[in-house]
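Trainee: Below: sequence and its predicted model.
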Amino acid sequence: MTAELTVLALSSVLLLVHVFAATHYKTKQYGLEWNMGARDEDTEPLNDIAGRLDRARGNFLETLPLAIIALGGVVVAGKASDLTAIAAWVWLAARLIYLPLYWAGIPKIRTYVWAAGLLALLFVLGVLLIG
């Protein structure tokens, strides 16, 4: 399996970490009945940690489709290389570092880490589109 596909497979594990971490803290705040219910009722705003984890999950879900397109695309198109593999690992590392930074509420550094991941994906997307 190519590095790009390995990274995509590992990103699905990271997605589960995002979902379960955010849901754990939401459930901690709103209760098990809320979690197991229809969630139709109005709720108070999320506390700081639950809110940050929910936003981090949302951010990951916003960038994951780009990763799937770029990383999967270079493999399907036969354009995968050592450089796209490095970029894939940089993206995944950045996303792994991003979650605890956001969880802890660390500004600026979190944004730089996010930007490094995005630049890695943009490089792979450039390879896919231009060669």
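Mentor: Looks like it came in fine.

Trainee: going forward, measure contacts between C-alpha atoms and count neighbours the same way
Mentor: Fine.

Trainee: For stretch 85-92, give me every contacting residue.
Mentor: Residues from elsewhere that reach stretch 85-92 (Cα atoms under 8 Å, 6 or more residues apart in numbering): 2-4, 7, 11, 71, 116-118, 120-121, 123-124.

Trainee: Which secondary structure elements does the helix or strand hosting residue 10 sit against?
Mentor: Applying DSSP states H and E as the criterion places residue 10 in helix 3-30. Judged by 3 or more Cα pairs under 8 Å, 6 or more residues apart in numbering; DSSP states H and E, helix 3-30 is in contact with helix 48-76, helix 82-103.

Trainee: pLDDT (mean, whole number) over the helix or strand just after that helix?
Mentor: The helix or strand immediately downstream of helix 3-30 is helix 32-36, counting by DSSP H and E. Helix 32-36 comes out with an average pLDDT of 87.

Trainee: same question, stretch 67-87
Mentor: On average, stretch 67-87 scores 98.

Trainee: Endpoints of that stretch, how far apart?
Mentor: 11 Å (Cα to Cα, to the nearest Å).

Trainee: Just checking, which helix or strand of this protein averages the lowest pLDDT?
Mentor: helix 32-36 (a mean of 87; mean pLDDT, DSSP states H and E).
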